[in-house]
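Peer 1: Build me a model from this:
(chains A and B)
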Amino acid sequence: QKEVEQDPGPLSVPEGAIVSLNCTYSNSAFQYFMWYRQYSRKGPELLMYTYSSGNKEDGRFTAQVDKSSKYISLFIRDSQPSDSATYLCAMRADTGRRALTFGSGTRLQVQP
Amino acid sequence: SAVISQKPSRDICQRGTSLTIQCQVDSQVTMMFWYRQQPGQSLTLIATANQGSEATYESGFVIDKFPISRPNLTFSTLTVSNMSPEDSSIYLCSVERQGFYNEQFFGPGTRLTVL
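Peer 2: Numbering: from 1, shown residues only, chains lettered A, B, ... in the order given. All right, here's what the predicted structure looks like:
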C-alpha cells in the first residue's frame, strides 16, 4: 500500500464548477501538507501549503486537512480552463526526512 | 519563491552514455533534492544533496548510477550514468526555502529520452 493515495482521474468539469481533489495517507507523522499544480511539460508549482489540521484559503483555492481521518482536500471554486493541469498532493513529517512524499496526481480538465 | 533553472531542458541520448543535469538557484539554499518523474507517474525522490556532505540516496538509487555534486549553496548536478531506455524520464531538482513552513520549490525539469 502506498503511503499517499490519490485518485488519478482524469476529472473533467465544466467551467465555473467547484472541483474537489483529495488524498489519503497512512503515515500519522505527516504534519506539512502541500498541493502542487503541474502543467504539461512544466515543473510542479507550489499552490497551497498547510501545517497540521485546518483550512487555508487563497483566492479560489481552499485546502483542508483532517488529520484524524488522514485525509486532505483541495477545493477550486469557479474553475477556469486555465486550471486544467495535474494536481499533486505532497506531505512530510515535522522531523527527520525533509523530502516530500507525493500522491500520484489527479489530471483535471476544465471544459470551456 | 526561489527561481530555479535546469540545463539542459531536454535531451535525447544513446544507450550506454551519460548525461549531467545542472540545477542553479537564484539564492543560497541548504537543502536540494533530485526527483524523477516517469511518464504519467508521480515524483520519486532520488537523493537529497546538502552542501558540504555526501548526497543521501533513496532505496533503489545508487551513487554509481546517479552521482551528485553540490559544490556550493546555489548549484548542484545530477549525472545519469550508463543510460538505458528505462532511464527515460523527467528529472527535477527542488530546493527548500528556510522559514516557518520550509516550502519546497521545483525547477522546470529535464526531459530525458534514451534510445
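Peer 1: Quick check: residues of chain B near chain A?
Peer 2: For chain B, the residues found near chain A under the criterion Cβ under 8 Å from any Cβ of the partner chain are B:1, B:4, B:31, B:33, B:41-43, B:45, B:48, B:58, B:92, B:96, B:100-109, B:111. To be clear about C-beta, it is placed using only N, CA and C from the backbone, and glycine gets the same treatment.
Peer 1: Recalculate using a threshold of 7 Å.
Peer 2: Proximity of chain B to chain A (Cβ under 7 Å from any Cβ of the partner chain) is limited to residues B:1, B:31, B:33, B:41-43, B:45, B:48, B:92, B:96, B:101, B:103-109.
Peer 1: Just the ones of those in strands?
Peer 2: Using DSSP state E, the members of these that fall within strands are B:M31, B:F33, B:L43, B:L45, B:T48, B:L92, B:E96, B:Q104, B:F105, B:F106.
Peer 1: mind checking how far the fourth one is from B:C93?
Peer 2: When distances are taken as Cβ to Cβ, to the nearest Å, B:L45 and B:C93 turn out to be 11 Å apart.
Peer 1: Quick check: neighbours shared by those two?
Peer 2: Common neighbours of B:L45 and B:C93, counting by Cβ atoms under 7 Å, 6 or more residues apart in numbering or on different chains, are B:F33.
Peer 1: Tell me which of these two has more neighbours.
Peer 2: Neighbour count, other Cβ atoms under 10 Å in any protein chain shown: between B:L45 and B:C93, B:C93 has more, with 29 against 20.
Peer 1: what's across from the closest residue in space to that one that isn't next to it in sequence in the sheet?
Peer 2: Distances taken as Cβ to Cβ, 6 or more residues apart in numbering or on different chains put B:C23 closest to B:C93, at 3.6 Å, once the chain neighbours are dropped. On the basis of DSSP bridges, B:C23 is bridged to B:Q6, B:S76.
Peer 1: go on, A:S73?
Peer 2: As for beta bridges, A:S73 partners with A:N22, A:Q64 under DSSP bridges.
Peer 1: who are the neighbours in contact with it?
Peer 2: Going by Cβ under 7 Å, 6+ apart, A:S73 touches A:S20, A:L21, A:N22, A:Q64.
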